[in-house]
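Asks: What shape does this take:
(one chain, ligands or ions: 2)
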Amino acid sequence: MSISLPEHFEDFSAAQQKGFLAIKELKEQGKQVCGSFCQYTPAEIIMAAGLYQVGLCGRSHLPIKTAETQLPANLCPLIKASYGHALEQSCPYAYFSDVVVGETTCDGKKKMYELLSELKPMQIIHLPNLPDYERSLEMWTEELRAFTRGLEQKFNITITDDMLNEAIEWCNKERVQTARIYELGKYDPPAITGWNMSNIMEGEQYLFDREEKYQKLQNILDQCEADWHAGKGPFEPDPCRPRIIVSGSGLAAVGHKTIKTLEELGGCIVCYEGCSGISSRRRLIDEDRSRDPMVRIAEKYIEVPCAVVSPNTRRMQQIEDTIDEWKADGYLALTLHSCNPFAIETENVRRVCEKKGIPMIHVSTDFTPGDEGQIRTRLQAFVEMIRAKKEAKAHE
Ligand code: SF4
Ligand code: SF4
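Replies: Ligands and ions are numbered 1, 2, ... in the order given. Have a look, this model is predicted:
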């Protein structure tokens, strides 16, 4: 497989490293930074408050040893890495955050936030566990109002409805554009590799100038489409190449040994399902300014299809739809060690895949390189099995 790296991709692959300097410069200009961990974080409120939002999820195994001096070893690596970075002050984004937002998602994160609040000023938002329960939306809306008041008090600002409306409309515009990245996976062969999709999604959160980020993304999308139409896409035409959907949380840290490996073995990742995947990008916030903006923001975020809420039927429906729309031949469910919500929910995902008649492979891993060989062997068997099935069908 020929994987080219068009020039505009460099902007995103280098964004995380350059982001260290960018955030330092923002602080030197007197700007305020809000660290966050989760897709439930209401970006519109943070933007309306004039804060720069940055993701703090740990992606490296290096700070885990430090974290384990206080946290149990058999805890999800993402939680340990995030806390370890804050503890040893090895992450500039955590270091420069004026406030950190946490939501009551999984138990591990909730309890880690108690310790983190000793290191950083925090605001915790109480997320309802049952998204479809009749009083959940009301409660969640009130939580977001309290969060807004908390930011107003901390930064001595006033957040008006007009500010929220502007932020809603801008974030919607960004979502529509980001969803186009996944649309590139619908092409046959795909007009972008899954590895590059992941790198863009990862890098975009470290580009703090929103106008500039929007333009850079536009350049990539245009370039991918033009290259594909000129016969210069990243994949050679091959009707039997397995088209795979990936799901899971904390993918950035394990992408090399899973996503990249799967594509080296002859498969292609066509779409990402999950909180940072296609579903969250497609679900926009209602822009009807005659309605309370806080309610409209709450309506969107209560629908994040995360395994921490129960029952998570919305996610199962979205998986079904994504399999159909992206014409997927297989499903890779990635979970992190000790992540009970996603590990348990994998059984529901398996049932959806069974219903749709496609195979699913479940890979449970952590941030260390020790299982690379074993994962490669399993992915190879998975890709070969799907390819054989497609070849047999093509010869019928
Ligand atoms: S998987 Fe769930 S808890 Fe983790 S970032 Fe996504 S929405 Fe938040
Ligand atoms: S991967 Fe699972 S255990 Fe880890 S933070 Fe996310 S939901 Fe919690």
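Asks: tell me which element whichever residue of the stretch 151-300 of the chain sits closest to ligand 2 falls in.
Replies: Across the stretch 151-300 of the chain, no residue is closer to ligand 2 than Ser249, which sits at 4.3 Å (CB to the nearest ligand atom). (C-beta placed from N, C-alpha, C; glycine too.) Per DSSP states H and E, Ser249 falls between elements, in no helix or strand.
Asks: Give me the local confidence score for it.
Replies: We have a pLDDT of 76 for Ser249.
Asks: That one contacts Gly277, doesn't it?
Replies: No - Ser249 is not in contact with Gly277 according to CB atoms under 8 Å; the separation is 10.1 Å.
Asks: now the helices: where do they sit in the stretch 1-150 of the chain?
Replies: Listed in chain order, the helices of the stretch 1-150 of the chain (DSSP state H, counting those that start in this stretch) span residues 9-13, 15-28, 43-48, 64-67, 77-88, 92-96, 107-116, 136-155.
Asks: same thing with the stretch 151-300 of the chain?
Replies: 161-183, 194-203, 210-229, 261-264, 278-282, 293-301.
Asks: Does anything pack onto the fourth one? Which helices or strands?
Replies: The reference is to helix 261-264. Packing partners of helix 261-264 (3 or more CB pairs under 8 Å, 6 or more residues apart in numbering; DSSP states H and E): helix 194-203, helix 372-394.
Asks: near ligand 1, which residues of the stretch 201-350 of the chain?
Replies: 249, 275, 304, 306, 308 (CB under 6 Å from any ligand atom).
Asks: what's the most distant pair in these?
Replies: Ser249 and Val304 (11.2 Å; CB to CB).
Asks: Now list whatever residues contact both of the two.
Replies: Cys275 (CB atoms under 8 Å, 6 or more residues apart in numbering).
Asks: one step back: ok, so what distance separates the residue of the stretch 151-300 of the chain closest to ligand 2 from Ile159?
Replies: 29 Å (CB to CB, to the nearest Å).
Asks: What is the neighbour count of Val383?
Replies: Val383 has 24 neighbours, counted by other CB atoms under 10 Å.
Asks: Please list the residues of the stretch 251-396 of the chain that sit near ligand 2.
Replies: Residues of the stretch 251-396 of the chain lying near ligand 2 (CB under 6 Å from any ligand atom): 308, 336, 339, 341-342.
Asks: Could you rerun that using 8 Å?
Replies: By CB under 8 Å from any ligand atom, the residues of the stretch 251-396 of the chain that approach ligand 2 are 306-308, 335-336, 338-342.
Asks: Show me which pair in those is furthest apart.
Replies: Most distant of these, by CB to CB, are Cys306 and Ser338, 16.6 Å apart.
Asks: more crowded one of those two?
Replies: Using other CB under 10 Å as the criterion, Cys306 and Ser338 rank with Cys306 on top: 24 against 19.
Asks: and the closest residue to the more buried one other than its chain neighbours, what is it in contact with?
Replies: In space, and not counting its chain neighbours, Cys306 is closest to Cys275: 5.1 Å by CB to CB, 6 or more residues apart in numbering. By CB under 8 Å, 6+ apart, the contact list for Cys275 reads 38-39, 249, 304-306.
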